[in-house]
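*Asks:* Next one to model:
(chains A, B, C and D)
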Protein chains: 4
Amino acid sequence: MNSFGQRFRFTTFGESHGKALGCVVDGIPAGIKIDENFIQSEMNRRKPGQNVYATARNEGDRVEILSGVFEGISMGTPISMVIFNENQKSKDYTNVKDLFRPGHADFTYFNKYGVRDYRGGGRSSARETAARVAAGAIAKLMLTELGIDIQSGICEIDGIKASTIDFEYSKTSEIFTLDKNKEDFQKEAILKAKGEHNSVGGVALVNVKNCPIGLGEPLYFKLDAQIANAMMSINAVKAVEIGDGIEAVHEKGLDNNDQIRKEGFKTNHSGGILGGISNGDDINVKIFFKPTPSIFLKQETIDIHDNEVECELKGRHDPCVAIRGSVVAESMMALVLADMALLNMSSKIENVKKVYN
Amino acid sequence: MNSFGQRFRFTTFGESHGKALGCVVDGIPAGIKIDENFIQSEMNRRKPGQNVYATARNEGDRVEILSGVFEGISMGTPISMVIFNENQKSKDYTNVKDLFRPGHADFTYFNKYGVRDYRGGGRSSARETAARVAAGAIAKLMLTELGIDIQSGICEIDGIKASTIDFEYSKTSEIFTLDKNKEDFQKEAILKAKGEHNSVGGVALVNVKNCPIGLGEPLYFKLDAQIANAMMSINAVKAVEIGDGIEAVHEKGLDNNDQIRKEGFKTNHSGGILGGISNGDDINVKIFFKPTPSIFLKQETIDIHDNEVECELKGRHDPCVAIRGSVVAESMMALVLADMALLNMSSKIENVKKVYN
Amino acid sequence: MNSFGQRFRFTTFGESHGKALGCVVDGIPAGIKIDENFIQSEMNRRKPGQNVYATARNEGDRVEILSGVFEGISMGTPISMVIFNENQKSKDYTNVKDLFRPGHADFTYFNKYGVRDYRGGGRSSARETAARVAAGAIAKLMLTELGIDIQSGICEIDGIKASTIDFEYSKTSEIFTLDKNKEDFQKEAILKAKGEHNSVGGVALVNVKNCPIGLGEPLYFKLDAQIANAMMSINAVKAVEIGDGIEAVHEKGLDNNDQIRKEGFKTNHSGGILGGISNGDDINVKIFFKPTPSIFLKQETIDIHDNEVECELKGRHDPCVAIRGSVVAESMMALVLADMALLNMSSKIENVKKVYN
Amino acid sequence: MNSFGQRFRFTTFGESHGKALGCVVDGIPAGIKIDENFIQSEMNRRKPGQNVYATARNEGDRVEILSGVFEGISMGTPISMVIFNENQKSKDYTNVKDLFRPGHADFTYFNKYGVRDYRGGGRSSARETAARVAAGAIAKLMLTELGIDIQSGICEIDGIKASTIDFEYSKTSEIFTLDKNKEDFQKEAILKAKGEHNSVGGVALVNVKNCPIGLGEPLYFKLDAQIANAMMSINAVKAVEIGDGIEAVHEKGLDNNDQIRKEGFKTNHSGGILGGISNGDDINVKIFFKPTPSIFLKQETIDIHDNEVECELKGRHDPCVAIRGSVVAESMMALVLADMALLNMSSKIENVKKVYN
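*Replies:* Numbers count the residues shown, from 1 in each chain, chains lettered A, B, ... in the order given. Presented below is the predicted three-dimensional model:
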């Protein structure tokens, strides 16, 4: 169960402090130019150790392609990519070897599997998301051929919400904020929590432009359902909203319906998805990240022998996982859309004939 | 793509105004007592036409089992169930035959498939959820054997939120409300909107007790991700929250972490899921339903020939889909947990040996 | 695990002596004319009770479509079909209620599931193949739109092999024989075995013409591998051969390779498949059916209480299952090819663009 | 489509002359001792360059585990393994860069994908099977915990059939022959063909002992059907037979049925599988390999520009692929059984309760 997608499918492997992590991306159509610089640039957006708002773990996150590309072109065969871990400090975890860190997966993994790789959370670490970004970069290369654009940013940190949404600005911001005017306050909130050995939550926004009408497979592979699935699979995500989803419950039907004119929908409360299928309008999705569970304050917990103990963590952690998480969310969106674009090809016999005639 | 689940898997079929709808449930262990009365009682909770807060379409929703059960016991073979439609009024849809109802899937289905069954929304109708409830009843029969309990109710209608949560009360309420003291206000809000030919939104809460620790398959079949997938696949759902998901983004890490004592977690902000795996605590999920898009007010739209028109719908509709939707959400939770319970069986070799020795 | 296929996927349900059997066919492109007469004509080719060479069980095998078709056209939604059982004689099985018929699945089902529907083999009965033929008819309707033709016949019965292959003749033959000159001998062999309360084996040949080049997904969904999977899933099949498969092991490489000229392959030893992908030449597959295990002679066996007993079966059975089995094999080929045709659509980005531009 | 299996699932990647090949094995229960020496010993059985009966390509086939194992124990997380290619001689393929080698997948890959990695067959090369053997070794480590044994050997080369079956002998034979008395003749046949720049076919036999009763999921994941699928996915395989499959078509029902006594089946014509489910008896499967298509004789073909040309191949090839192919077949059997063992765990509610109580 380490794979995602039906036709454009990726499988990831690797642990936080293991030798390497990586992915196998399967189902990529042949004939796509695979730009390794682009893949690396995507990795660099997510990679840790770049500023004070992220963990100090310093990883190059260099991607090595092992298969599936010949002379710079996708062959239709699986593209395997590996990222070797470089900056593990497993010693930081010696003191938590036998105990369950609150808010972490330690407790559930140990109970499920009977064993545990305690070093940095092992497989449950957000380090795994590096492999998602590598896979997502391949997905983006395919979506670019179809003219589909995806962008993301941070619309809330520690309760400080964006008033305006500026995706261009977020690309230059150290915290990927969507609202230039809120940036200083958001940064301050992060550093304050960090200074107190605590952490803050945040919300990411992912936006898709030029999505073709028709993506999403009813009834159990709807576009919004798969987006929810994809986003909720990201570490620390606890809620997902499509369009005006949460506000919509206070609205009346007349106000929430998007009426239609020749030139398109008059409003976009639906977030670009109707009946689980893209309607051609912008897709907007909000992803809610809880505050980082790794904090450096005393907490009560138990150990694997069921003794009650206190724990005080060490290690290097993001004070706000939403920031780098937004890049992962953007990658997951790309992976969902790439899959949906391939799945939708056979919706009508007319399209099937286009390929075979 | 009309199937859900890996090991406990159901497939649904049928349209709102077709001959019948139904499901095939596959992967049910042999030897479970299949209580047909229980299945029918679950159907009756969701079925329409029972009071002024629901659509007037009067369907008996009688389930007929065609296979998989012999002498009242599951055989390990697929259980197929059929519900024949009885109270279609397809004529109500003659005037919308060629136009796209705002807020509905008409536009996206027609664009995706090039054809459309306009009668009552066809396959995109929430009528399909009857089949989910039938499948969910089978899942519940299995979960009962493992001691797992699921309940649901309504915690918000038209912005009126529950202050207390009482699942027992909700079972007797016509609108499944969780807060007795808010019931009158919520009912009034529904009837007011209905009187104005409009509709309201709402929020359902699903709760699971006695869930074993360990359900959820990392990394791309996490319990929370599959719950999000399942819930977002229900008609009109636009957001899904696990535990305190939305509130959590305003909290600090220390406040949001659930610290642990011998007797269990001290709090349950996580909603019973850590790292995508159940932690043994109550699972709590909120599901946000938009206001019913079917309203009887003038709206602007276009028809299939791209002409701009006004539409005024007829037909029979729920003024608040969240109410009956909560039963569907409960069923989907049962279906997710049944699947997860079977998937988790092979997490450790120790468990594999239990079966083979 | 009662489903087959990835994109063109069918799920069957039902037992030999249950209320009904049927299937749900999912993934059918919208816009295909669904000719119910054709579906019924396919059913009639397989249906029992038509002559002395088949079982006397007399079933109309009338297919009722419950969903997915509107005004004679596929809607892109699941097509569900039901066949109600009419001519069960469950009493015939009273005497085998507690014992395991040799050569049958009774022993393995009981051990696997701990329970058993003893009436006519329950789910393990070849009666289930009626549902495959219904699904296969839908697949054929799609393949016809792409110009792909499938035919089948019997090339060996009780060791009497066809010397010539004439698919046209087989259509008119009561035993679907491919060689007119061997028909009398083959019929005689069947009747002789039947008279002795025994049974015979046989071999079916399935042939595909006008298959596009490129069907088959390396590496674990190769066309030949999926054909083998599909054919071996048919009751009583014990071997599958692609092209000259069995003879090829005695040949040298030079003789077995199909050399290529502008106008095509000079020979077709490969049976139209190279590297798991169709090469445009005729696909030829042989399917080996064991003699019917249901015979009316004394046999040694045990019962569910582990007592050694003798059994003498009653009931109505085909003296040679290969005959009607050939129609099922043809249907399975159609189902495999329909799936492969949809899967192959995204092999090159060029084809993806054809659909989206 | 580069993955195989449902619960015990592996995904392979890599091309013959690429940087590396490998696999990700997913679904392995936690707590299994992962013996790297055993994995390497399995690789060594298949690896090329060891004697005159195999290709001279000299690969160490050293497996490196990248994830999923901690302190020698499986963690329940995906095990990724990589084998770096060392002895490619891509120059050998310069002269076939633009032409389609008869009997190879060149023609079909190029037509399917529009591009081709011509070096050593790229992804279609049997070199990929190294990754299957690595994955198969993990499967064997799990099966050993359940007491299941698998063995294989060669029962026919160039028409010279084994008269006796001795799996112990085959382990010491350079050509894995099952019949010591036929070994010299078989070796001679291979060398003769090799001397003439030609190749020969062969048949492998795979045998399973101590298989639990009940493996195999009706109806579309039957044990025999999945074995056929698995075996036919191996390069050069053109037929698969279960038990006495091919001979059985000449037998009468009475002779072919395996009658049952308290101590077990009196005969094993069925090859250990009834109704698609293991019956506890030995599983026997024959796999038919065509003669190696890579021969060094003049052949007619066309190039990618549709010109008719003659080709004379260079390179290093096995004169009889069945030999090393038998190890791959054994690995595929292990992979199928590991998957089936996990799938079967939930066949009865009684077994589900064993895990949860």
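*Asks:* Quick check: the residue of the stretch 251-357 of chain A nearest chain B.
*Replies:* Residue of the stretch 251-357 of chain A nearest chain B, by CB to the nearest CB: A:G275 (2.3 Å). In short, each C-beta sits where N, CA and C put it, glycine included.
*Asks:* What of the stretch 1-150 of chain A?
*Replies:* Nearest residue of the stretch 1-150 of chain A to chain B, counting by CB to the nearest CB: A:A105, 2.3 Å away.
*Asks:* Check that residue and give its pLDDT.
*Replies:* A:A105 carries a pLDDT value of 96.
*Asks:* and whatever helix or strand A:E183 lives in, does that touch chain B?
*Replies:* For A:E183, the host element (DSSP states H and E) is helix A:183-195. Yes. Helix A:183-195 reaches chain B (CB under 8 Å from any CB of the partner chain) through A:A193.
*Asks:* What residues of that helix count as buried?
*Replies:* By neighbour count with 16 or more other CB atoms under 10 Å in any protein chain shown, helix A:183-195 contains the buried residues A:E183, A:Q186, A:K187, A:A189, A:I190, A:A193, A:K194.
*Asks:* what's the answer for stretch A:5-18, then?
*Replies:* Quick answer for stretch A:5-18 (16+ other CB under 10 Å): A:5-18.
*Asks:* Let me see the ranges of the helices in the stretch 201-350 of chain A.
*Replies:* A:223-232, A:245-248, A:253-256, A:322-343, A:349-356 (DSSP state H, counting those that start in this stretch).
*Asks:* What's the local residue count around the residue in the stretch 151-300 of chain A that chain C sits nearest to?
*Replies:* Relative to chain C, the nearest point of the stretch 151-300 of chain A is A:P212 (5.7 Å; CB to the nearest CB). Here the count is done by other CB atoms under 10 Å in any protein chain shown, and A:P212 has 19 residues near it.
*Asks:* Check the gap between it and A:I283 for me.
*Replies:* Going from A:P212 to A:I283 by CB to CB, to the nearest Å gives 11 Å.
*Asks:* ok, back up a step: which non-adjacent residue is nearest the residue of the stretch 151-300 of chain A closest to chain C?
*Replies:* Leaving aside its chain neighbours, A:P212 sits nearest to C:Y356 (5.7 Å; criterion: CB to CB, 6 or more residues apart in numbering or on different chains).
*Asks:* Looking at the buried residues of stretch A:5-18, which are in strands?
*Replies:* Counted as lying in strands by DSSP state E, out of the buried residues of stretch A:5-18, are A:R9, A:F10, A:T11, A:T12, A:F13, A:G14.
*Asks:* which one of those residues sits closest to chain C?
*Replies:* Closest to chain C, out of all of these and judged by CB to the nearest CB, is A:R9, at 11.0 Å.
*Asks:* Please name the bridge partners of that closest one.
*Replies:* As for beta bridges, A:R9 partners with A:D26 under DSSP bridges.
*Asks:* For it, give me its contacts.
*Replies:* A:S3, A:V25, A:D26, A:G27, A:D339, D:S3 (CB atoms under 8 Å, 6 or more residues apart in numbering or on different chains).
*Asks:* List, one by one, the residues from the stretch 251-357 of chain A near chain C.
*Replies:* A:341-356.
*Asks:* Run through the residues that contact A:G114.
*Replies:* Contacts of A:G114 (CB under 8 Å, 6+ apart): B:S347, B:K348, B:E350, D:A30, D:G31.
*Asks:* list the contacts for the spatially closest residue to it that is not a sequence neighbour?
*Replies:* Residue nearest to A:G114 in three dimensions, not counting chain neighbours: B:K348, with 4.7 Å by CB to CB, 6+ apart. Neighbouring residues of B:K348 by CB under 8 Å, 6+ apart: A:K112, A:Y113, A:G114, D:P29, D:A30, D:G31, D:G76.
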